[in-house]
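>>> Sequence unavailable; structure follows:
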């Protein structure tokens, strides 16, 4: 069994958690976030009306659509893959909004890791947007490659998000 104290991802994220330079990125995000009314921000977490965090549930929509798009590409169904990629991009927006709402309640080190999680998923979103553009321009092969790169990026982002929840208890049982 792997010792999480020496495994690559936890080791890197332990360092990220201590990177004070990320606070310079967090500050402007917090300023924007503070302009969102508290009731809206709390509503986006899902906790007041659902009794649970909404972000973990919503991320399944883009992840599922994008994974299915890759399967459709492999099956030789590029039109279906394009539609699924569009669906993934569309559903990534509310997933990101709920993630930002959750991010506001994290501790400083968790926020730093959350920024890396968000940045990685933003790269995935850009890759998928590029995939859509390529597919719509009849560059299906490029669209497929961008989609695969997006799947790799969003998988990395998911691993980082998993570390936040499972190792660092971010947002678990009312904790921040």
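Thanks, I have the structure now. Bear in mind that the values here come from a model prediction, so they are computed numbers and not experimental data.
>>> so residue 62 makes contact with residue 88?
Yes. Using C-beta atoms under 8 Å, residue 62 is in contact with residue 88, at 4.2 Å. Using the backbone N, CA and C atoms, a C-beta is placed for each residue, glycine as well.
>>> Quick one: mean pLDDT over the longest helix along the chain.
Secondary structure of the chain per DSSP state H: the longest helix is helix 108-136. In this model, helix 108-136 has an average pLDDT of 98.
>>> quick one: buried residues of the helix or strand that comes right after that helix?
For helix 108-136, the following helix or strand on the C-terminal side (DSSP states H and E) is helix 140-166. Applying a neighbour-count criterion of 16 or more other C-beta atoms under 10 Å, one finds 140, 143-151, 153-154, 156-158, 160-161, 163-165 buried in helix 140-166.
>>> same check, this time on stretch 28-36
Neighbour-count burial for stretch 28-36 [16+ other C-beta under 10 Å]: residue 29.
>>> quick one: contacts of it?
The set of residues external to stretch 28-36 that reach it, using C-beta atoms under 8 Å, 6 or more residues apart in numbering, is 41, 100, 103, 104, 115.
>>> Can you give me the neighbour number for the second one?
Summarising burial for residue 100: neighbours were counted as other C-beta atoms under 10 Å, giving 19.
>>> Now do the contacts for it.
When contacts are counted by C-beta under 8 Å, 6+ apart, residue 100 touches 29, 33, 44, 118.
>>> Could you look up the SS state of the first one?
So the one you mean is residue 29. For residue 29, the reduced secondary structure class is helix; criterion used: DSSP: H, G, I helix; E, B strand; the rest coil.
>>> So for it, what's the pLDDT?
In the prediction, the pLDDT value recorded for residue 29 is 95.
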